[in-house]
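>>> Here is a sequence together with a model predicted from it:
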Amino acid sequence: MKFPFTWRRTLVGLIAAGVIGQCSAFSFGTTEDAVVLPPPAVDETTQAHSETAVFAGGCFWGVQGVFQHVKGVKKAVSGYAGGAADTARYERVSDGDTGHAESVEVTFDPAQVSYGTLLQIYFSVAHNPTELNRQGPDTGTQYRSAIFTENSEQQRVAQAYIAQLDAAKSFNKPIVTQLESYNGFYPAEEEHQDFLTEHPTYPYIVINDLPKVAQLKQLYPERYQEKPVLVKAGI
């Protein structure tokens with residue numbers, strides 16, 4: 001189905017050109033309800049104070065927006081993972097045949113927030129892990145649910161947590177999240193960074209993404225920080 005990412009590509013082009021205001025014609029989809037999840041029974045053990053994790057869960061605008069409000073996160077960058085460097089461009093990724101998924105690279109302090117806790121937030125409020133090759137109004141493999149594990153420890157923790165959630169029947173459908181080996185992350189274009197913060201009144205953001213941030217605050221108040229960690233300097 002080409003329509004969802006065609007309208008979204010058009011929206012981004014208009015935003016980049018500076019010629020769009022309130023764009024209610026481009027709002028589609030419905031808000032996903034968050035699922036309250038238990039913490040991982042298996043978590044990472046590390047003495048490091050900085051680590052990165054890459055998550056894909058549909059449109060990167062909302063996933064980035066959620067993780068920017070998590071305490072212990074130092075940076076959350078929208079981008080592409082799963083494909084080659086020469087196709088890591090929004091126009092190409094939107095075609096759905098590059099192997100890339102819209103992703104977010106999260107840099108965090110494990111002493112403040114563990115990898116397992118990030119997984120809990122990812123599965124609970126950042127996206128719906130039971131939707132195959134789609135998320136809300138967006139369809140295609142570039143919107144797949146995927147975790148790009150950067151080492152064997154992340155792989156171990158993510159595998160164990162998915163098994164834990166499946167065994168507990170935490171969702172009414174099976175989890176379809178793919179665990180993929182990390183082969184590079186490519187930051188997205190500037191107009192995609194901090195999109196939720198910069199465009200809080202766009203219907204897509206209002207309908208699909210702001211509720212995720214609100215659910216993070218409501219369900220995990222001890223993990224929530226009011227001021228987001230933004231990518232762009234001086235904002």
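Now that the structure is in, tell me what you want to look at. Numbers count the residues shown, from 1 in each chain.

>>> Only C-alpha atoms from now on, for both contacts and neighbour counts.
Fine.

>>> quick one: average pLDDT of stretch 53-73?
Per-region confidence: stretch 53-73 scores 98 on mean pLDDT.

>>> For residue 177, give its distance to residue 67.
Taken as Cα to Cα, to the nearest Å, the spacing of residue 177 relative to residue 67 amounts to 18 Å.

>>> again, but for residue 109
Where residue 67 is concerned, residue 109 sits at a distance of 13 Å (Cα to Cα).

>>> Ok, residue 97 next?
Between residue 97 and residue 67 the distance, using Cα to Cα, works out to 27 Å.

>>> The closest residue to residue 67 other than its chain neighbours bridge partners, please.
Nearest in space to residue 67, with sequence neighbours left out and distances taken as Cα to Cα, 6 or more residues apart in numbering, is residue 76 at 6.4 Å. For residue 76, the beta-bridge partners under DSSP bridges are residue 106.

>>> Check which helix or strand the residue nearest to the spatial centre of the chain maps to.
Ranked by distance to the mean C-alpha position of the chain (Cα atoms, centre = their mean), the top residue is residue 63 at 2.8 Å. Following DSSP states H and E, the helix or strand that holds residue 63 is helix 60-67.

>>> list the helices and strands that helix packs on?
In terms of contacts (3 or more Cα pairs under 8 Å, 6 or more residues apart in numbering; DSSP states H and E), helix 60-67 is packed against strand 73-81, strand 101-108, helix 195-198, helix 210-219.

>>> Nearest to residue 186, out of these?
In terms of Cα to Cα, the element of those nearest to residue 186 is strand 73-81, at 5.2 Å.

>>> Alpha carbons of that closest one, as PDB, please.
Once non-C-alpha atoms are left out, strand 73-81 reads as follows in PDB (Å, rounded to 0.1, in the frame of the first residue of the first chain):
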ATOM      1  CA  VAL A  73      18.900   9.300  27.700                       C
ATOM      2  CA  LYS A  74      21.700  11.600  26.500                       C
ATOM      3  CA  LYS A  75      20.600  11.700  22.800                       C
ATOM      4  CA  ALA A  76      18.000  10.200  20.500                       C
ATOM      5  CA  VAL A  77      18.600  10.600  16.800                       C
ATOM      6  CA  SER A  78      16.200   9.700  14.000                       C
ATOM      7  CA  GLY A  79      17.700   7.800  11.100                       C
ATOM      8  CA  TYR A  80      17.900   4.600   9.100                       C
ATOM      9  CA  ALA A  81      19.300   1.100   9.900                       C
END
